[in-house]
Each structure stands twice: as C-alpha cells, then as structure tokens.
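Engineer: only geometry, no sequence info:
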C-alpha cells in the first residue's frame with residue numbers, strides 16, 4: 001500500500017543530493033536517493049588519488065554508510081535514463097520506475113571536449129574514482145616504461161605529461177605530477193634523471209586560474225614555473241592522438257595527456273524535455289525549481305543560478321551543498337504552507353593548491369598566497385570531509401608527504417606491472 005507521506009526522489013549522491021537528503025533527515029517524508037555508483041565522492045581531492053597521494057577509500061564513502069542513521073531514506077544504486085513529468089516518475093535503465101511528489105536532480109557535470117569526443121580516448125578527464133585510478137596507472141606505467149626505453153626520443157615522450165586546461169584542477173594536477181614524478185624517480189629508478197620529467201600545462205586563455213584575482217594568477221604561474229612546469233597560454237588545442245597533442249602552431253610529443261579544460265551538465269534537460277544553454281545547464285527559478293515544473297528542483301552543476309550581483313553561481317562543492325540544503329528546507333516550507341524565500345548563495349572563496357607547500361586563496365575581501373594559504377587550504381579540506389577517521393588518515397598522509405616527499409599510494413592496479421603488455425600499451429596508447 002502506498003505511503004501517505006510526501007515522497008521525495010533525489011537523483012545524485014554528490015554534494016548537492018547528499019546535502020538535500022541530510023536536510024530532510026528529521027522530516028516526516030519518504031526519500032529515495034538514486035545514484036549509479038554506491039559512493040559519495042569528495043571530488044576536490046580526487047586529483048590526489050590520480051597522483052598517488054591518497055587512496056580511493058580516503059576520498060569516497062558508501063552512500064548507505066553516510067545515511068545509515070537516517071530512517072526516512074532508501075538508497076538505490078541504478079542509472080536514471082529519463083523523467084516522466086506527467087506521471088511524476090523517474091525512469092531507470094532496467095525498466096523500473098520510481099514515483100515522486102517532489103524531485104531533486106543533482107546529477108553533477110561530465111567532461112566536455114567541445115565537440116571533439118574522440119579526444120577522450122587519449123585524454124581522460126578527472127570526474128570519478130575510476131578516472132583517477134586510470135590516470136594514476138597511466139602516470140606510473142609511463143615511468144616504468146621510460147626506465148626500460150633505450151630510444152631517447154621515445155623516453156622523452158614517456159616522461160612528458162600534458163595537461164589541458166589551467167583551472168584549479170589543471171593547476172593542482174600539474175604541481176602534483178611534478179612532485180610525484182621527481183620523488184618517485186629520485187633514488188628509485190636507475191636510468192632516469194628527475195630533471196628529465198616534463199609537465200606542460202596548456203591553456204586557451206591568457207592566464208592560469210582565470211576566476212582568481214590576476215595577482216594570484218600571476219603568482220600561481222610563477223610558482224608552477226619555478227617547480228619546472230612549462231605553462232603555455234593563449235593556445236587552443238587542435239588535435240589529440242596516441243602520440244601527443246597539437247596546440248597553436250606547436251606539437252607536444254607525449255604518451256600521457258589529461259583533460260581539465262571543460263565540463264558540461266549531465267543530460268537533465270533532455271530528461272525533462274526542456275531547453276538548456278550550450279553547457280547543458282537549466283536556468284532555474286529563484287527557488288531552484290524548473291520553470292513550469294514547481295515540484296522539480298535542480299541543484300549543483302546542472303543548475304544555472306545567478307547571484308545578487310548578476311554573476312553566475314560557480315560550479316563548486318560549497319555551492320552545491322548550499323543549494324542542496326536550501327532545497328531540503330524549501331520542500332519542508334512548502335509542505336508546511338510557509339513562504340519559500342529565494343536561494344541566496346554565500347561565496348566562501350576560491351582555493352587552489354600549487355604544490356605541497358604553496359596555494360592561493362581568494363576570499364574577495366582579502367587574498368592569501370604561499371605557505372600560509374597552503375595550510376588554510378588543507379584545514380578547509382579536512383574540515384569538509386565527512387568522517388573523523390578520514391580526517392585523521394588524510395592529515396597523516398599529507399604530513400608524511402610534506403616531511404618525506406614520498407607518496408604511499410603508488411600502486412599499479414588492473415594489470416601486472418611485470419607483464420609486457422601494459423608497458424607496451426603506454427607506448428602505443
């Protein structure tokens with residue numbers, strides 16, 4: 001027999017979806033949270049999994065575990081393929097349907113290759129745990145292949161790492177790959193010189209960290225260059241293949257390219273049969289509902305929301321969390337017959353780390369850079385982690401890396417390190 005309680009379906013177990021579910025934790029409602037993966041991912045630290053500083057279990061936790069004390073929520077692992085707004089049902093890939101009274105869509109973003117989807121094969125992005133472990137494997141296998149490579153040009157290509165996009169993810173990856181490569185090579189590889197490792201950061205705009213104050217962008221570029229990163233600005237990528245990347249009038253021979261240049265919203269607009277902008281975002285009402293669908297809310301990277309100054313709300317974790325909490329409260333206010341106030345975003349600042357002892361923070365009213373910013377960056381990320389145990393382990397991991405330079409998660413998985421095939425795959429793919 002159907003429950004008389006208000007039924008809320010949340011699609012997506014990221015920051016927005018999880019925050020919405022927790023905001024409804026004590027409410028007399030039934031919640032179904034659907035995600036195609038069984039875990040919530042702390043995406044701001046995913047690059048540290050890709051560069052062997054942390055293990056996947058330190059940045060991802062089972063959704064069921066995180067909501068284990070919340071009796072009004074049921075977690076389903078499944079892939080949503082559409083929404084029937086007339087019947088008020090969410091459609092899943094195996095024919096199941098989940099009915100809703102209120103629907104929260106918090107499905108996040110995916111990599112955008114600007115119409116060049118064939119590049120994905122050669123330049124993976126960094127959005128999932130699987131992406132991170134695949135990139136980690138590629139980085140470490142490149143070092144192993146270079147150790148046994150006799151041809152100087154092929155070795156140079158193996159030790160060259162290209163990163164497309166100089167936003168926070170690209171900047172953080174660039175610094176971390178330099179530190180990973182040089183700490184791994186030093187004293188552990190007999191035929192490789194740490195100085196032979198090359199990281200090239202390619203950006204189509206005129207500066208790195210374009211959303212930061214220019215002073216901080218300039219500081220970041222200099223800090224990267226001091227580490228040995230080659231920064232290429234104002235250069236648009238024209239092709240990526242198994243042998244390297246072409247940008248501007250140049251060609252970079254490399255076997256490892258990572259994409260950090262663009263994202264697009266997941267196909268929520270297609271599910272709802274409504275228009276979206278070029279990036280797939282839906283322009284929502286001030287209460288984060290879809291125009292014409294007052295019981296459908298969109299949060300996170302899929303939602304196009306404006307701040308009081310007219311600027312768009314950035315696609316960052318704090319914004320998704322604020323939107324998720326707001327929607328949970330908005331649903332309860334609506335059920336109680338209360339007036340629903342419009343969503344107001346409170347910007348906490350922009351943060352990016354450059355290496356193991358340098359970062360930049362832009363709070364708007366003040367800007368911090370260098371060692372002090374790195375400590376604040378670390379404290380902020382530790383604070384936002386969801387479990388005390390994880391906070392302790394990550395703090396210890398960072399302290400170990402800071403003191404020794406060594407990374408503890410340098411395992412090559414999904415293949416035998418001693419077999420011929422994986423190493424050859426690095427050369428050819």
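Structural biologist: Right, received. Where do you want to start? Keep in mind that this is a model prediction, so the values were computed, not measured.
Engineer: can you give me the distance of residue 93 to residue 87?
Structural biologist: Using CB to CB, to the nearest Å, we find residue 93 at a distance of 18 Å from residue 87. C-betas here are computed from N, CA, C, even on glycine.
Engineer: likewise for residue 30?
Structural biologist: Look at residue 30 and residue 87: by CB to CB, they are 18 Å apart.
Engineer: more neighbours, those two?
Structural biologist: Per other CB atoms under 10 Å, whichever of residue 30 and residue 87 has more neighbours is residue 30, with 19 against 11.
Engineer: show me the contact partners of the helix or strand harbouring that one.
Structural biologist: In the assignment (DSSP states H and E), residue 30 maps to strand 29-35. Strand 29-35 has contacts (CB atoms under 8 Å, 6 or more residues apart in numbering) with 3, 5-13, 17-18, 21, 24, 63, 67, 70, 72-78, 80, 90, 92, 98, 100, 331, 335.
Engineer: so how do I select the buried members of the residues you listed in ChimeraX?
Structural biologist: Of the contacts of strand 29-35, the buried ones go into a single ChimeraX selection, burial set by 16 or more other CB atoms under 10 Å:
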select :6,7,8,9,10,11,12,13,17,18,21,24,63,67,70,72,73,75,76,80,90,92,98,100,331
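Engineer: just the pLDDT for residue 422.
Structural biologist: Residue 422 carries a pLDDT score of 43 in this model.
Engineer: how about the helices of the stretch 101-250 of the chain, start to end?
Structural biologist: 129-148, 152-158, 168-185, 214-227 (DSSP state H, counting those that start in this stretch).
Engineer: flag every buried residue along the first one.
Structural biologist: Residues of helix 129-148 classed as buried under the neighbour-count rule (16+ other CB under 10 Å) are 129, 131-147.
Engineer: what separates residue 49 from residue 135, distance-wise?
Structural biologist: Distance, residue 49 to residue 135, using CB to CB: 9 Å.
Engineer: same question, residue 220
Structural biologist: 22 Å.
Engineer: roughly how far apart are residue 71 and residue 350?
Structural biologist: Going from residue 71 to residue 350 by CB to CB gives 38 Å.
Engineer: likewise residue 114?
Structural biologist: For residue 114 relative to residue 350 (CB to CB), the value is 24 Å.
Engineer: show me what contacts residue 22?
Structural biologist: Counting by CB under 8 Å, 6+ apart, the residues that residue 22 touches are 67, 70, 325, 328.
Engineer: angle of the helix or strand where it lies against strand 29-35?
Structural biologist: Assigned by DSSP H and E, residue 22 belongs to helix 15-23. Relative orientation of helix 15-23 and strand 29-35, computed by axes from the mean of the first three to the mean of the last three CA atoms, to 10 degrees: 160 degrees.
Engineer: per the record, what domains does the chain have?
Structural biologist: Domain assignment for the chain, taken from the TED database, gives 7-111+263-336, 117-261.
Engineer: can I get those domains in TSV including distance to residue 410?
Structural biologist: TSV is the format used below for the domains of the chain (distance: least, CB to CB, whole Å):
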stretch	distance to residue 410
domain 7-111+263-336	5
domain 117-261	6
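Engineer: make CSV out of those domains and add distance to residue 397 and mean pLDDT.
Structural biologist: Below are these laid out as CSV (distance: least, CB to CB, whole Å; pLDDT from 0 to 100):
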stretch, distance to residue 397, mean pLDDT
domain 7-111+263-336, 6, 95
domain 117-261, 13, 95
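Engineer: residue 373: which of the ones you listed is closest?
Structural biologist: For these, the distance to residue 373 is smallest for domain 117-261, at 9.0 Å, taking CB to CB.
Engineer: just the endpoints, please. Distance across the closest one?
Structural biologist: 13 Å (CA to CA, to the nearest Å).
Engineer: again, but for stretch 42-59
Structural biologist: End to end - CA to CA - stretch 42-59 spans 5 Å.
Engineer: all the strands of the stretch 201-350 of the chain, residue numbers only.
Structural biologist: For the stretch 201-350 of the chain, the strands defined by DSSP state E, counting those that start in this stretch cover 229-233, 237-241, 244-247, 250-253, 256-259, 263-265, 282-283, 289-290, 293-298, 303-304, 350-355.
Engineer: neighbouring strands - and their directions - for the fourth one?
Structural biologist: Pointing back at strand 250-253 there. Sheet partners assigned to strand 250-253 using DSSP bridges are listed as strand 244-247 (antiparallel).
Engineer: ok, now the fifth one?
Structural biologist: Strand partners for strand 256-259, identified by DSSP bridges, are recorded as strand 160-164 (parallel).
Engineer: now find how far off-centre the strand it pairs with is within its chain.
Structural biologist: With CA atoms, centre = their mean, to the nearest Å as the basis, strand 160-164 stands 18 Å off its chain's centre.
Engineer: please enumerate residues in contact with it?
Structural biologist: By CB under 8 Å, 6+ apart, strand 160-164 touches 123, 139, 142, 170, 173-174, 177, 181, 197-202, 237, 240, 244-245, 252-261.
Engineer: list only buried entries from those residues.
Structural biologist: 123, 139, 142, 170, 173-174, 177, 181, 197-202, 237, 240, 244-245, 252, 254-261.
Engineer: pretty sure residue 114 contacts residue 264?
Structural biologist: No - look at residue 114 against residue 264 with CB atoms under 8 Å: they stay out of range, at 9.1 Å.
Engineer: name the nearest residue to residue 128, sequence neighbours excluded.
Structural biologist: Excluding its sequence neighbours, the residue lying closest to residue 128 (CB to CB, 6 or more residues apart in numbering) is residue 41, at 7.1 Å.
Engineer: residue 138 and residue 254 touch, don't they?
Structural biologist: No - using CB under 8 Å, residue 138 is not in contact with residue 254; the gap is 11.1 Å.
Engineer: now do the shared contacts for the two.
Structural biologist: Joint contacts of residue 138 and residue 254 (CB under 8 Å, 6+ apart) do not exist.
Engineer: endpoints of stretch 177-193, how far apart?
Structural biologist: One end of stretch 177-193 to the other measures 15 Å (CA to CA).
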